[in-house]
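Novice: Build the 3D model from these lines:
(chains A and B)
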Amino acid sequence: MADNSIVAVGLVREFRKGPRAVDGIDLHVEPGEIYGFLGPNGAGKSTTVLMLTTLLPPSAGTARVGGFDVVREGPKVRAVIGAALQEAALDPLLTGRDHMRLQTMLQGLPKAERASRSQQLLERVGLEQAADRKVGGYSGGMKRRLDLALALVHRPRILFLDEPTTGLDPQSRSALWDEVARLARGEGVTVFLTTQYLEEADVLADRVGIIHHGRIVAEGSPADLKAEIGRPSIHAIPCGPGDAPRVRAFLGQFGEPLGGDHDIGVRLRAGLGLADVVRAMDAEGVVVDDVELRAPTLDDVFLAKTGRTLEGAAEEEAQRGGGREERNGDEQ
Amino acid sequence: MSALAVQVSAVAGRSLTRTMRQPAVVLPPIVFPLALMAVNAAGLKPSTLLPGFPTDSFLAFALAVPFIQGALFSTMNAGTDLARDIQTGFLNRLSLTSIRGSALLAGQLTGIVVLGVVQAVVYIVVGLLSGVEFASGAGGIAVLLVFSVLVSLGFGALGSFLALRTGSGEAIQGFFPVFFVFLFISSMNAPRDLMEVDWFRAVASANPVSYLIECVRSLIITGWDGQALALGFGIALVIAVASVLLASWALTQRLTRT
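Specialist: You can find the predicted model right below:
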């Protein structure tokens, strides 16, 4: 039986001028699983994908994709994978059908099959009407769908999608999620999906790996990861900046403080709820603009594991030398 | 068709398709050299009165220049296209298929050579329509087309090499004036033996572009000149072989896939 797994052990990628983009990660993605690789820009997601898709040799560690070693058996790996990399790289002067023709020829499909396979995939991603228009006139969502169709030309067993919905409107994003889910659930394709959207990982992924500074800091199903954090948090917005210290001190008696940027939050101690906090507020005369109870999210998991929110971490990565993920081949 | 041939034809087809869909890329290599030739032919016609000038038609003398100038445009177009593929990630897309590096380069260069031949045919037709008689006859025209293939290949591969090394379309365009200097310090406007300024004659004699021009020129105004043909074809062959080898090496450096 074909091996559709992805296994990495101690995978490292160092660039000449900068810190380790990927710093010793271990992965085990099961056949037919949708694995969400979640992290801010610059965390090492795309560099990992480039290594797993054979486009960038690792500095250390090993990885096997589809049962083949990514360093020693590159062509065999490429034969069993499909990939839609960051920023759909399409030729604006070619039509959708031109792209399909080029891809079917380069992937070695028999001549008799090329046109029918192209048509089938264009219909599948809803581009049959736009197939003969130049890609330069496509919307972002159409480009992403064509990118997906191109990745599927040779019926890959494993699919890598690098931030497939970045910049898409909600409708396009939802359509792409449906298609990815259909591939995994209906056809048994293993999907390795990088994303910086919590919702995407939450909705789509069977398991999530959270990457920060090139290291996996948490891994598990979204439900398990949130259960690990376990307790809800309470968040209050003070009436004014002068009230913040008092509100912070008051809430501190109910749990551990959280590092939110826009409000004051605490992770509630076991057994406490919103009612306990509100009653105490009334009793002590603490007035706030708003107070709410939040169930744990993947952002809470990220915060618990890294001490930063996903948004805050993205800014930190940018200051630390972000855009590292964009480097490919120039600074090895 | 073998897998390699399918891959080469796929990449060449894409190269031709995208070029033909950009009139701004197709027309300048044809129009600009012809316009420069027309201006020179009108302004420098009295040069033909110089004792020892090889022809009484400056147009016939100048017709050789567009062949080389057009090839220089090919350098820029080939390089800019490939650099764009690197910058946009299209090269990564191709790298993820089963394409061989040799097919990628051969396909890209095939597209450039086809365009180079189309340019050469236009120059020849314009020359014939303008009354230029090819001293070497129909056979010479055929040899001229073969020479155009070789020159387009050499300059196209040079552009590809620069693109693969720099990965920047802007850098390729920065090189363009440098290549043009080689054209202007060659024998494009005067036979070398009639150049009276010693340093210019020495520079033109050391400049390989002079021999490329003189090869074409010999087929148009002299007939079958073995020495000019040998020098022209020899230099074009050296440029082509060296550029293709350099581009192949640069491709292996650029494609870091395992």
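
Novice: so who does A:Leu148 touch?
Specialist: The contact partners of A:Leu148, taken as Cβ atoms under 8 Å, 6 or more residues apart in numbering or on different chains, are A:84, A:125, A:161, A:164, A:176, A:179. In this view, the C-beta of every residue, glycine as well, is placed from N, C-alpha and C.

Novice: and of those, the nearest to chain B?
Specialist: Nearest to chain B out of those is A:Ala84 (Cβ to the nearest Cβ; 9.1 Å).

Novice: circling back to that earlier point, show me the two of the contacts of A:Leu148 that sit farthest apart.
Specialist: Distances among the contacts of A:Leu148 were taken as Cβ to Cβ; the most separated pair is A:Val125 and A:Leu161, at 13.3 Å.

Novice: which SS state does A:Leu27 fall under?
Specialist: Of the three states, A:Leu27 takes strand under DSSP: H, G, I helix; E, B strand; the rest coil.

Novice: ok, it touching A:Gly10?
Specialist: No - at 10.4 Å, A:Leu27 and A:Gly10 do not qualify as touching, with contact defined as Cβ atoms under 8 Å.

Novice: So for the two, which sits in the more crowded spot?
Specialist: Neighbours were counted for A:Leu27 and for A:Gly10 using other Cβ atoms under 10 Å in any protein chain shown; A:Leu27 has more, 19 against 13.

Novice: who's the closest residue in space to that one that isn't next to it in sequence bridged to?
Specialist: Residue nearest to A:Leu27 in three dimensions, not counting chain neighbours: A:Ala8, with 4.1 Å by Cβ to Cβ, 6 or more residues apart in numbering or on different chains. A:Ala8 forms beta bridges with A:Leu27, A:Ala63, as assigned by DSSP bridges.

Novice: Chain A: helices as residue ranges?
Specialist: Using DSSP state H, the helices of chain A run over residues A:45-52, A:74-80, A:96-106, A:111-124, A:140-151, A:170-187, A:198-204, A:222-229, A:244-252, A:274-284, A:298-306, A:310-321.

Novice: Could you list the low-pLDDT ranges of the stretch 101-250 of chain A?
Specialist: For the stretch 101-250 of chain A, applying pLDDT under 70 flags the ranges A:229-230.

Novice: and it, which residues reach chain B?
Specialist: In this structure, the stretch 101-250 of chain A approaches chain B at residues A:101-103, A:105-108, A:134, A:150, judged by Cβ under 8 Å from any Cβ of the partner chain.

Novice: among the residues you listed, who's most crowded?
Specialist: A:Leu150 (28 neighbours).

Novice: So it sits against A:Met100, correct?
Specialist: Yes - judged on Cβ under 8 Å, A:Leu150 makes contact with A:Met100 at a distance of 7.0 Å.

Novice: got the residues of the stretch 101-250 of chain A next to chain B as a markdown table, with distance to B:Val126 columns?
Specialist: Shown next, in a markdown table, are those (distance: Cβ to Cβ, whole Å):
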| residue | distance to B:Val126 |
| --- | --- |
| A:Arg101 | 35 |
| A:Leu102 | 34 |
| A:Gln103 | 39 |
| A:Met105 | 36 |
| A:Leu106 | 38 |
| A:Gln107 | 43 |
| A:Gly108 | 43 |
| A:Lys134 | 32 |
| A:Leu150 | 42 |
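
Novice: Of these, which is the nearest to B:Arg165?
Specialist: Nearest member of those to B:Arg165, counting by Cβ to Cβ, is A:Leu106, at 24.2 Å.

Novice: what sits against the closest residue to that closest one other than its chain neighbours?
Specialist: Counting by Cβ to Cβ, 6+ apart, B:Thr97 is the residue found nearest to A:Leu106 once chain neighbours are left out, at 3.9 Å. B:Thr97 makes contacts with A:78, A:103, A:106-107, as judged by Cβ under 8 Å, 6+ apart.

Novice: need the contact list for the residue positioned nearest the centre of chain B.
Specialist: Per Cα atoms, centre = their mean, the C-alpha nearest to the average position across chain B is that of B:Ala71, at 1.9 Å. When contacts are counted by Cβ under 8 Å, 6+ apart, B:Ala71 touches B:116, B:148, B:151-152, B:154-155.

Novice: And it, how close does it get to chain A?
Specialist: Going from B:Ala71 to chain A by Cβ to the nearest Cβ, to the nearest Å gives 23 Å.

Novice: With B:Leu245 instead?
Specialist: Noted for B:Leu245: a distance of 21 Å to chain A, by Cβ to the nearest Cβ.

Novice: Determine the number of other residues adjacent to that residue.
Specialist: A total of 12 residues lie near B:Leu245 under the criterion other Cβ under 10 Å.

Novice: do the same with the one 3 residues further on
Specialist: Burial of B:Ser248, expressed as a neighbour count using other Cβ under 10 Å, amounts to 17.

Novice: and it, what element?
Specialist: helix B:226-254 (DSSP states H and E).

Novice: picking up where we left off before, which of A:Val125 and A:Leu161 has more neighbours?
Specialist: Neighbours per residue, other Cβ under 10 Å: of A:Val125 and A:Leu161, the larger number sits with A:Leu161, 28 against 20.

Novice: ok, that one to A:Asp206 distance?
Specialist: With distances defined as Cβ to Cβ, to the nearest Å, the gap from A:Leu161 to A:Asp206 amounts to 14 Å.

Novice: next one: B:Leu72
Specialist: According to Cβ to Cβ, B:Leu72 and A:Asp206 sit 56 Å apart.

Novice: Among the two, which residue is more densely surrounded?
Specialist: Neighbours per residue (other Cβ under 10 Å) separate B:Leu72 from A:Asp206, with B:Leu72 holding more: 21 against 16.

Novice: Settle this for me: the more buried one is touching B:Val181, isn't it.
Specialist: No - the criterion here is Cβ under 8 Å, and B:Leu72 misses it with B:Val181 at 10.7 Å.

Novice: and A:Ile262, what is it in contact with?
Specialist: Quick fix: residue A:262 reads His, not Ile. Contacts of A:His262 (Cβ under 8 Å, 6+ apart): A:Ile237.

Novice: Looking at per-residue confidence, what score does it get?
Specialist: Reading off the confidence values, A:His262 has pLDDT 73.

Novice: How much space separates it from A:Thr166?
Specialist: A:His262 sits 23 Å away from A:Thr166, going by Cβ to Cβ.

Novice: In the stretch 151-258 of chain B, what residue lies closest to chain A?
Specialist: B:Thr258 (3.6 Å).

Novice: Identify the residue nearest that residue in space, chain neighbours excluded?
Specialist: Closest to B:Thr258 by Cβ to Cβ, 6+ apart is A:Gly74, at 3.6 Å.

Novice: thinking again about what came up before, of all the helices of chain A, which one is nearest A:Glu292?
Specialist: With Cβ to Cβ as the measure, helix A:274-284 is the member of these nearest A:Glu292 (8.1 Å).

Novice: the inter-axis angle of the closest one versus helix A:244-252?
Specialist: 130 degrees (axes from the mean of the first three to the mean of the last three Cα atoms, to 10 degrees).

Novice: could you give the mean pLDDT of helix A:274-284?
Specialist: 89.

Novice: returning to what we had before: in a strand, that's where the residue nearest to the centre of chain B is, yeah?
Specialist: No - according to three-state DSSP, B:Ala71 belongs to no strand; its state is helix.

Novice: Name the nearest residue to residue 90, sequence neighbours excluded.
Specialist: No chain was given, so I picked chain A. The nearest residue in space to A:Leu90 (Cβ to Cβ, 6+ apart) is A:Val135, at 4.7 Å.

Novice: The intended chain is chain B.
Specialist: Of all residues not flanking B:Phe90 in the chain, A:Ala89 sits nearest, at 4.6 Å (Cβ to Cβ, 6+ apart).

Novice: give me every residue that touches that neighbour.
Specialist: Shown in contact with A:Ala89 (Cβ under 8 Å, 6+ apart): A:147, B:88-90, B:92-93.

Novice: between the helices of chain A, which gets nearest to B:Phe67?
Specialist: helix A:96-106 (31.2 Å).
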